[in-house]
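J.: Okay, structure incoming, though there's no sequence with it:
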């Protein structure tokens, strides 16, 4: 999926498709454009552990800021990084990253998980942009993954 996300990002930077941009993170329950959500009966241990386990390629890093969130952050190839930095007023001190994130929150009926993908571009001004390239194929992959992990997609 990461290679496909890279291709979508390059196409978006080259104005090949529709892009949405945001400047902050989204909480579970507030579904960003292109994200997919599913309910689980309980805490989805296997999903979060699996998200960490598959994030082991070159240039990939697991970020686990709390027990309810896991992100796989990947460095783009140099040409894509340069294009993103130039197009979105980024910085070379903090490079853009492709991000696949699973964020969860418990509620009265179970546990809501949001699967999301975006490109994070730190700006020279200190702001962080989250670029989204909504794609039906990525949404379908997220839906299948959440279903396989025991979730009920919304």
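T.: Nice, thanks for sending it over. These figures come from a predicted structure and were not determined experimentally.

J.: low pLDDT regions in this protein?
T.: Applying pLDDT under 70 to the chain flags the ranges 1-30.

J.: looking at the sheet around the spatially most central residue of it, what are its partners?
T.: The residue lying closest to the centre of the chain (CA atoms, centre = their mean) is residue 117, at 2.5 Å. Beta-bridge pairing of residue 117, defined through DSSP bridges, involves residue 100.

J.: What residues of stretch 63-78 count as buried?
T.: By neighbour count on 16 or more other CB atoms under 10 Å, the buried set for stretch 63-78 is 68-74, 76. Where you see a C-beta, it was placed from the backbone N, CA and C, and this is true even at glycine.

J.: Would you check how far apart the residue of the chain positioned farthest from its centre and residue 39 are?
T.: The outermost residue of the chain relative to its centre, with distances by CA atoms, centre = their mean, is residue 108 at 25.9 Å. Residue 108 is 11 Å from residue 39, where distance means CB to CB, to the nearest Å.

J.: With residue 131 instead?
T.: Distance from residue 131 to residue 39, by CB to CB: 28 Å.

J.: More neighbours: the two, which one.
T.: residue 131 (21 against 16; other CB atoms under 10 Å).
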